[in-house]
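>>> when you get a sec, could you give me coordinates for this:
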Amino acid sequence: MSNAKGDRRERELVNKLDEAGLAVMRAPASGSATDRELPDVLAGDGDRFYAIEAKSSAGDPIYLAGEEVYALVYFSRNFGAKPRIGVRFDREDWYFFHPDELYQTDGGNYRGKKETALADGTDFPELTGHSERVTLTEAAPGADGETAGESVRQVLEAVARGDLSVEEAVEMV
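As a prediction, this is how the structure comes out:
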């Protein structure tokens, strides 16, 4: 991504994290006092703490050099943060991955695709602790005898009442 677009996206992410209640700072590494690679963004709220490498694209896959990912993991481990790759595709929200969740190419680099982000990435509300992903397996019959079908029905009824948005319902089921 171009430097101007990358800087704009990083500032956008910082503002969103701030609005979500996290303490956040952008840590641009260019021209810094150290030769060591630094993450783009640091964010935390006392319960969770992240070192984030932010990438964006118009729709093409996002590639990260292996060294870039290794530096993020190294910094995160030493700093006590969880390493996350934040990806944003045009007309989509931010999605986040642990580096191990990204596809590693034969050359040792990492790739993130839009389809993978939408299907498997951690969305912004989940990253910031404002929602929790529940799989259909987790929504299966519980000790109280409620079935997954009953859970889905309750979610659909909540959408019909206007208690949930369609997007929130999709996340729940």
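>>> what helix or strand is the residue lying closest to residue 26 once chain neighbours are set aside located in?
Spatially, and ignoring its direct neighbours in sequence, residue 26 is nearest to residue 14 (4.9 Å; C-beta to C-beta, 6 or more residues apart in numbering). In this view, the C-beta of every residue, glycine as well, is placed from N, C-alpha and C. Under the criterion of DSSP states H and E, residue 14 resides in helix 3-19.
>>> still on that earlier bit, check contacts around the residue nearest to residue 26.
Neighbouring residues of residue 14 by C-beta atoms under 8 Å, 6 or more residues apart in numbering: 24-26, 41.
>>> what is the neighbour count of the closest residue to residue 112 other than its chain neighbours?
The shortest distance from residue 112 to any non-neighbouring residue, by C-beta to C-beta, 6+ apart, is to residue 62 (4.4 Å). Counted by other C-beta atoms under 10 Å, the residues lying close to residue 62 total 19.
>>> can you pick the most crowded of the contacts of residue 14?
Highest count within the contacts of residue 14 by other C-beta under 10 Å belongs to residue 41, 23 neighbours.
>>> do I have it right that that residue meets residue 22?
No - Residue 41 is beyond contact range of residue 22, at 9.9 Å (criterion: C-beta atoms under 8 Å).
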